[in-house]
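K.L.:
this one's sequence-less:
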């Protein structure tokens, strides 16, 4: 690498190349994350990360990019929209017989697609200036991606802890390219445009927000259905409704998401009708079907046993119908204590409801 590189011009080219690779926005941040590090430490100290030990197991590398990848001077932050054009989110949520899957998980796993695009961006930079130090990340290491995106001018961190952009809402993925290039940094997004709105805090089905910008993950449906390995706390099950993998409620009610734009990426389009499937139908998949239908999908993260656990809760919250009751009965003796416990709970819910009806 020579000292004759015009880094201001290179930064502009990186942004252009990023957009050509399918990213909607590209920004450049430094490595000082100050206040974000303090907030992370307070959140961890409060135990709000639950079983997500990886959030606390890397020392200060998460908030110090230069410790994670020695020599890092700048972070190129990139965002890519993922919302399919029409997935009837509110219609599915209002139909208790259907399964709601978080919209980011309907298509192919974003990790590989975005990491590949960032690697292509690095190759273009290398072709332009020669070898340089870099490393690409997409949810794959201790990275404070939202803090970096905020610093890079891509949006602000809203009361629901999501990154929000005035022109695009929050239905997008983030990725990062750590680099040793002394690129000019972009101005942080700055102003927080949430104002006095508290729609996301008020809407959360399980009251997971301790306050603005503070999420108790141990009550969050995304955590309960994806990260939690054991039993879902009984007092939270009825609040989960038909949400079986993740939750979008705090994004759905965010006024800025009226500006969310449909993705142009074919890989993010719904597969296997997972945007409108019946709970009972999914619950009767065998493991081979689960593995086949979730190949290359983020849903694989939960695994088959937890997938059944989540669906059992959804079925317990569904209206009592022959299909729902038959599906639960069929899994009553499933060879997993975890699944059996949640099936038993679901059947008890239906029995109590039917008894209450019969008493009137």
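P.N.:
The structure has been received and is ready for your questions. Small disclaimer: the values here were computed from a predicted structure and weren't measured.
K.L.:
every contact and neighbour count from this point should use C-alpha atoms.
P.N.:
Fine.
K.L.:
enumerate the positions of stretch 114-126 that are buried.
P.N.:
Going by neighbour count (16 or more other CA atoms under 10 Å), the buried part of stretch 114-126 is 114, 115, 117, 118, 119, 121, 122, 124, 125.
K.L.:
which SS state does the residue most central in space within the chain fall under?
P.N.:
Compute the mean C-alpha point of the chain, and by CA atoms, centre = their mean the closest residue is residue 104, 6.7 Å away. Three-state call for residue 104 (DSSP: H, G, I helix; E, B strand; the rest coil): helix.
K.L.:
with adjacent residues omitted, what lies nearest to it?
P.N.:
Distance criterion CA to CA, 6 or more residues apart in numbering; nearest residue to residue 104, sequence neighbours excluded, is residue 82 at 6.3 Å.
K.L.:
quick one: the one you found and residue 172 touch, right?
P.N.:
Yes - the pair residue 82 and residue 172 qualifies as a contact (CA atoms under 8 Å) at a distance of 5.3 Å.
K.L.:
out of these two, which sits in the busier spot?
P.N.:
Under the neighbour definition other CA atoms under 10 Å, residue 82 and residue 172 were set side by side, and residue 82 has more, 26 against 22.
K.L.:
which residues sit in contact with that one?
P.N.:
Contacts of residue 82 were listed using CA atoms under 8 Å, 6 or more residues apart in numbering, and they are 103, 104, 171, 172, 173, 262, 263, 265, 268.
K.L.:
quick one: contacts for the fifth one?
P.N.:
Okay, so that is residue 173. Listed by CA under 8 Å, 6+ apart, the contact set of residue 173 reads 79, 80, 81, 82, 110.
K.L.:
try the second one
P.N.:
When the contact criterion is CA under 8 Å, 6+ apart, the partners of residue 104 are 82, 83, 171, 268.
K.L.:
distance check, it against residue 157.
P.N.:
As defined by CA to CA, to the nearest Å, residue 104 lies at a distance of 19 Å from residue 157.
K.L.:
out of the buried residues of stretch 114-126, the closest to residue 57 would be?
P.N.:
Residue 57 has its nearest neighbour among the buried residues of stretch 114-126 in residue 115, at 23.3 Å by CA to CA.
K.L.:
what mean pLDDT does the helix or strand hosting the closest one get?
P.N.:
Following DSSP states H and E, one finds residue 115 within helix 110-129. Across helix 110-129, the average pLDDT comes to 97.
K.L.:
what about that helix, distance to the chain center?
P.N.:
22 Å (CA atoms, centre = their mean, to the nearest Å).
K.L.:
same check on stretch 298-311?
P.N.:
15 Å.
K.L.:
neighbour-wise, which one of the contacts of residue 173 leads?
P.N.:
Per-residue neighbour counts (other CA under 10 Å) across the contacts of residue 173 peak at residue 82, which has 26 neighbours.
K.L.:
run through who's touching the helix holding residue 115.
P.N.:
1-2, 5, 14, 17-18, 21, 132, 134, 136-139, 173, 175-177, 268, 298.
K.L.:
these in helices, which ones?
P.N.:
Taking DSSP state H, the ones among the contacts of helix 110-129 that sit in helices are 14, 17, 18.
K.L.:
for residue 330, grab the count of nearby residues.
P.N.:
When neighbours are defined as other CA under 10 Å, residue 330 has 12 of them.
K.L.:
related to what we said a few turns ago, any chance of a ChimeraX selection covering the buried ones in the contacts of helix 110-129?
P.N.:
Entered in ChimeraX, the line below selects the buried ones among the contacts of helix 110-129, by 16+ other CA under 10 Å:
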select :14,17,18,21,134,136,137,138,173,175,176,177,268,298
